[in-house]
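**Student:** no sequence for this one, just the structure:
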């Protein structure tokens, strides 16, 4: 119990509440705007936390994370355009319910379900994470090579576009991570005369470019659509009897969310869809799902916010992000000079417990802002993109500049944005590239250290049982779907 | 997407080749395991990337498409022009920031971008100018005063 109370001392600072609340508010605003994903929101704002105390910084980022995941549901319900991919399943019943004139009720149920799911995930994270970290402390370099390969493989499979393109994206991310001083020999690699590259390419401008600038360029290259919301959002706060009736749905979906969120690279959108599917199985009236019933909103919303805690688990304990959002959050930790993984639990436990408490606080803020501010957030959805796009671009430009007060990072941002735009147009996802960039240094360091200790023998990865298991799992993840499709003769899965 | 996959696969293959050969110019420690050399890891990545690039090209040839190849980078000429205009503004912004200062650079960027994004029929110069100014003031106050980022002030000292 003491380890959890250690984090409480940070909350004697009222700034923690301010940063958390502010983060949730911005997260909800950006998450509810169609086209602005939660990952993009975190990527754009992450650089502004540079130079701020790590606990305050992470309270803000977790607020963004929680708020943005929830915020996507507002647009999904009101205009059937999910603000974030996590809200796709919410729109299946949320929008039909809105069309029946019950938008406020839909948003209220979504808010309370998200809050309950989020609170459950915090408790699971707080209990399970130290246990996982204590096991991971026994891992050596060979095991870490296996874990990073698993993370890269899963995100290649799960990302939009084909698995082959996901793998190429991951390798490109690893290649970008090579720029800078070689960690073993200190030889400068690929600096091309630029002193700013001595410490490597900063991951933050690359993330902001790939998610922020490329998204804005995508929106510019596509047609505009005016958005109209033609009903007032009212009667938001659900009744106690409604919540009581929905508790079994919310609890089941929350458990699904935590488990799926904990699978590296899975994430909230998958958790929400699985929870929705399970709701159809367990519902007494499954034929009503999709026509506008509150159960169809409660299930995915509980799951997608429950996945936030689950997704943080592999990131904090193993240094492997649970989804693209936590990959970007991991960049935020590294920017503060902190390396996620079991050593973080050993050396910085008060900071880790402040993360649990910050997540809980952000869920409470989300509940309050969601219930009392939903009708105002609804109006934001109609803000014209002609104003939003340039404003967000300035955020991206300024955010990149702010890291090192250097225009060099702006050039990194623009190059990443342009490359990201073209890659996304031909079916690549930014997530594997970002993950490759973040995991690259860890991967290289552990790979070469393992081989140095084994005098160059690659068999070192096969002689350790856990390392071998991770490698076998990686091969199953990479080749399993392909072999399965060959056996079944199924051509529907987009592997290539 | 076949056409773009073939082009991209070819470019990636060439890039992987260049990466491999350039990494081969890094110092080598004779008589020690190759893993100690600075070029070992980039060359390993280059080989994997080359294999994947070839796989992408092969996949583009053998993939069974159900519809026609309908990837459009830009919807029409006007969206291409808008894209290029945006690109120019993004490239100019760092120079504006350095020589004119944050506030002026941001006002110019936002004004031109908002003006360009609205169609001719929807443009109301006074309204757009006013909104651009408000957005710039808000952004300036948030970043310069609230977050205290030390931006260049340029010749106009703002």
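**Tutor:** Right, received. Where do you want to start? Quick caveat: nothing in here was measured; it's all calculated off a predicted structure.

**Student:** Beyond the helix or strand hosting residue A:410, next helix or strand please.
**Tutor:** Assigned by DSSP states H and E, residue A:410 belongs to helix A:407-425. With elements assigned by DSSP H and E, the helix or strand that comes after helix A:407-425 is helix A:430-453.

**Student:** now what about the helix holding residue A:410, what contacts it?
**Tutor:** Helix A:407-425 is touched from outside by A:169, A:194, A:196, A:201-202, A:204-214, A:216-218, A:221, A:396-397, A:400-401, A:403, A:430, A:433, B:4, B:71, B:73, B:87, B:90-91, B:93-94, B:97-98, with contacts defined as C-beta atoms under 8 Å, 6 or more residues apart in numbering or on different chains. (Each C-beta comes from the backbone N, C-alpha and C, glycine too.)

**Student:** And what about the spatially closest residue to residue A:367 that is not a sequence neighbour, helix, strand or coil?
**Tutor:** With C-beta to C-beta, 6 or more residues apart in numbering or on different chains as the criterion, residue A:367 has its nearest non-adjacent residue at 4.0 Å, and that residue is residue A:115. Applying DSSP: H, G, I helix; E, B strand; the rest coil to residue A:115 yields a three-state assignment of helix.

**Student:** Show the contacting residues for residue A:115.
**Tutor:** Listed by C-beta under 8 Å, 6+ apart, the contact set of residue A:115 reads A:305, A:363, A:364, A:366, A:367, A:370.

**Student:** Is it possible to get a markdown table of these that adds neighbour count, pLDDT and secondary structure?
**Tutor:** A markdown table is the format used below for those (neighbours: other C-beta atoms under 10 Å in any protein chain shown; pLDDT from 0 to 100; DSSP: H, G, I helix; E, B strand; the rest coil):
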| residue | neighbour count | pLDDT | secondary structure |
| --- | --- | --- | --- |
| A:305 | 34 | 89 | helix |
| A:363 | 28 | 94 | helix |
| A:364 | 17 | 94 | helix |
| A:366 | 28 | 93 | helix |
| A:367 | 19 | 93 | helix |
| A:370 | 25 | 90 | helix |
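
**Student:** in the chain, what spans have low per-residue confidence?
**Tutor:** I'll assume chain A. When residues are selected by pLDDT under 70, those of chain A lie in A:1-5, A:34-35, A:83, A:155, A:158-161, A:223-232, A:264-266, A:322, A:381, A:489-496.

**Student:** I was after chain B.
**Tutor:** Scanning chain B with the threshold set as pLDDT under 70 gives B:1, B:63-73, B:75, B:147, B:154-158.

**Student:** Next, the buried residues of stretch A:246-259.
**Tutor:** Taking 16 or more other C-beta atoms under 10 Å in any protein chain shown as the neighbour-count basis, stretch A:246-259 is seen to contain the buried residues A:246, A:249, A:250, A:252, A:253, A:254, A:255, A:256, A:257, A:258, A:259.

**Student:** Please apply the same query to stretch A:374-381.
**Tutor:** Taking 16+ other C-beta under 10 Å as the criterion, stretch A:374-381 shows A:374, A:377, A:378, A:380, A:381 as buried.

**Student:** my guess is the second one meets residue A:71, correct?
**Tutor:** Yes - using C-beta atoms under 8 Å, residue A:377 and residue A:71 qualify as a contacting pair, with a distance of 7.1 Å.

**Student:** any common contacting residues for the two?
**Tutor:** A:28, A:29, A:32.

**Student:** just checking: which of these also lie near chain B?
**Tutor:** Taking C-beta under 8 Å from any C-beta of the partner chain, there is no overlap between the shared contacts of residue A:377 and residue A:71 and the neighbourhood of chain B.

**Student:** JSON lines please, covering those and showing neighbour count.
**Tutor:** Conversion of the shared contacts of residue A:377 and residue A:71 to JSON lines gives the following (neighbours: other C-beta atoms under 10 Å in any protein chain shown):
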{"residue": "A:28", "neighbour count": "31"}
{"residue": "A:29", "neighbour count": "23"}
{"residue": "A:32", "neighbour count": "29"}
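
**Student:** how much space between residue A:169 and residue B:50?
**Tutor:** The spacing between residue A:169 and residue B:50, counted by C-beta to C-beta, to the nearest Å, is 16 Å.

**Student:** one step back: among the buried residues of stretch A:246-259, which lie within strands?
**Tutor:** Nothing among the buried residues of stretch A:246-259 maps onto strands, per DSSP state E.

**Student:** What residue, apart from its backbone neighbours, is nearest the spatially most central residue of chain A spatially?
**Tutor:** For chain A, residue A:325 is the residue whose C-alpha lies nearest the centre (C-alpha atoms, centre = their mean; 1.8 Å). Distances taken as C-beta to C-beta, 6+ apart put residue A:39 closest to residue A:325, at 5.0 Å, once the chain neighbours are dropped.

**Student:** Can you name every helix or strand that the strand or helix carrying the one you found contacts?
**Tutor:** Taking DSSP H and E as the definition, residue A:39 sits inside helix A:38-46. Secondary-structure packing of helix A:38-46 (3 or more C-beta pairs under 8 Å, 6 or more residues apart in numbering or on different chains; DSSP states H and E): helix A:14-32, helix A:54-79, helix A:203-208, helix A:324-335, helix A:385-404.
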